[in-house]
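>>> Sequence and predicted structure, then a few things I'm wondering about:
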Amino acid sequence: MTTYDDRASLTDLTATVERVRSSVEGVIEGKPEVVRLSLTVLLAEGHLLIEDVPGVGKTMLAKALARSIDCSVRRIQFTPDLLPSDITGVSIWDQQRRDFEFKPGAVFAQIVIGDEINRASPKTQSALLESMEERQVTIDGQTYELPSPFMVVATQNPVEMEGTYPLPEAQRDRFMARVSIGYPSPEAELQMLDVHGGVSPLDDLQPVAHAHDVVKLIEAVRGVHVADSVRRYAVDLVAATRAHPDLRLGASPRATLHLLRAAKASAALSGREYALPDDVQALAVAVLAHRLLPTAQAQLNRRTAEQVVGEILQHTPVPATSQQAGGLGLGGTAPEFGRRQPRRL
């Protein structure tokens, strides 16, 4: 098992994450849980889908996260006339060299903001499939590697909104987590009027971390220990979605991998070098729900995928901690787990 080298690793991780968190929360008022999930996805090498109604700050969250890190950022405004080559790039004939020259598209950046992704056609949306999964782009038989770290932060309106296309199942499955910002509380909205009323807070937002810092944090997250019983718990949750009567499409093996990676990132954000069942449980809805397709009868009964995941969490036995470990970098050992009854959500 790879562990953090020393106490400085914990200090560096905590300090860097706190700087980014404070920077983003200065723009997105009253939504600390949304900001934490965004950072979790970033450190877990995933991609984030922000879905909500217009005007609640989806693009603002994506831009705040991107501007808080000193790395290359490209924004793609998805429109019905957007072409796949606008995203991936195109080979153009060079008269002087008498050869084709590759012109990289907007996806060649470390953080790619896909604004209103479901307003483009499914053909254009599929241009992101290879890059999101394999972190590369293949054009005319040539493969081009994407920079590291690489993260797609996409926003979309609910499918019921005018002028939207539903994301293909393969596209949704490549997003590690989906988050809804929701409306702010009255106090947060009042504060937003003070902060955003004159100028945009994004104008004064400066990078508080470097791309190589994020790469180091990602490597540290990879070393977080996951006990066999926690792995089994993640597999049990995903397997339950495939057998649930209210779902016609359950979660994929990729979903299991994403759930485990997100749990490891969440543990690191909490200052632990080992993942707990609570990490898996807390992230299950965000990681699994957007991949599931309810049956027609479930839709008639107004059953949502989030409700189904919540029900699965209630009925799936949870590993029980039999030994408490010390904090990250303090010489604590990873806990052992038994089984306990599911926790009521």
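Everything's here; your move. All of these numbers come straight from a predicted model, not from anything done at the bench.

>>> Just the element for the closest residue to Gln142 other than its chain neighbours, please.
Of all residues not flanking Gln142 in the chain, Phe102 sits nearest, at 6.9 Å (Cβ to Cβ, 6 or more residues apart in numbering). For the C-beta atoms, the positions are set from N, CA and C on the backbone; glycine is no exception. If you go by DSSP states H and E, Phe102 is part of strand 99-104.

>>> Partner strands of that strand and their direction?
Within its sheet, strand 99-104 is paired with strand 89-94 (antiparallel), according to DSSP bridges.

>>> quick one on the thing from earlier: residues touching the strand holding Phe102, excluding its own?
By Cβ atoms under 8 Å, 6 or more residues apart in numbering, the surrounding residues in contact with strand 99-104 are 89-94, 139-140, 142, 144.

>>> quick revisit: which residues does the residue nearest to Gln142 bridge with?
Ser91.

>>> Count residues in the vicinity of it, would you?
14 (other Cβ atoms under 10 Å).

>>> Over to Val199?
Neighbour number of Val199 under other Cβ under 10 Å is 9.

>>> mind checking the SS state of it?
The three-state assignment at Val199 reads coil, by DSSP: H, G, I helix; E, B strand; the rest coil.

>>> so how far is Pro158 from it?
30 Å (Cβ to Cβ, to the nearest Å).

>>> what are the ranges of the helices in this structure?
Secondary structure of the chain (DSSP state H): helices at 7-25, 32-43, 58-67, 84-88, 122-125, 129-134, 169-173, 186-196, 211-222, 228-243, 253-269, 277-288, 296-300, 305-315.

>>> What's opposite the residue most central in space within the chain in the beta bridge?
The chain has Leu48 as the residue nearest its centroid, 3.2 Å off, counting by Cα atoms, centre = their mean. For Leu48, the beta-bridge partners under DSSP bridges are Val153, Ala177.

>>> Need the max-distance pair from the contacts of strand 99-104.
Greatest spatial distance among the contacts of strand 99-104 (Cβ to Cβ): Trp93 and Tyr144, at 18.1 Å.

>>> Between those two, tell me which one has more neighbours.
Taking other Cβ under 10 Å, Trp93 and Tyr144 do not tie; Tyr144 has more neighbours (16 against 9).

>>> and the more buried one, what does it touch?
Per Cβ under 8 Å, 6+ apart, neighbours of Tyr144: 89, 102, 104, 108, 136-138.

>>> Please pick the buried ones from those.
Buried residues within the contacts of Tyr144, counting neighbours by 16 or more other Cβ atoms under 10 Å: 89, 108, 137.

>>> Report the spatially nearest residue to Thr295, omitting neighbours in sequence.
Spatial nearest neighbour of Thr295, excluding adjacent residues (Cβ to Cβ, 6+ apart): Arg248 at 4.8 Å.
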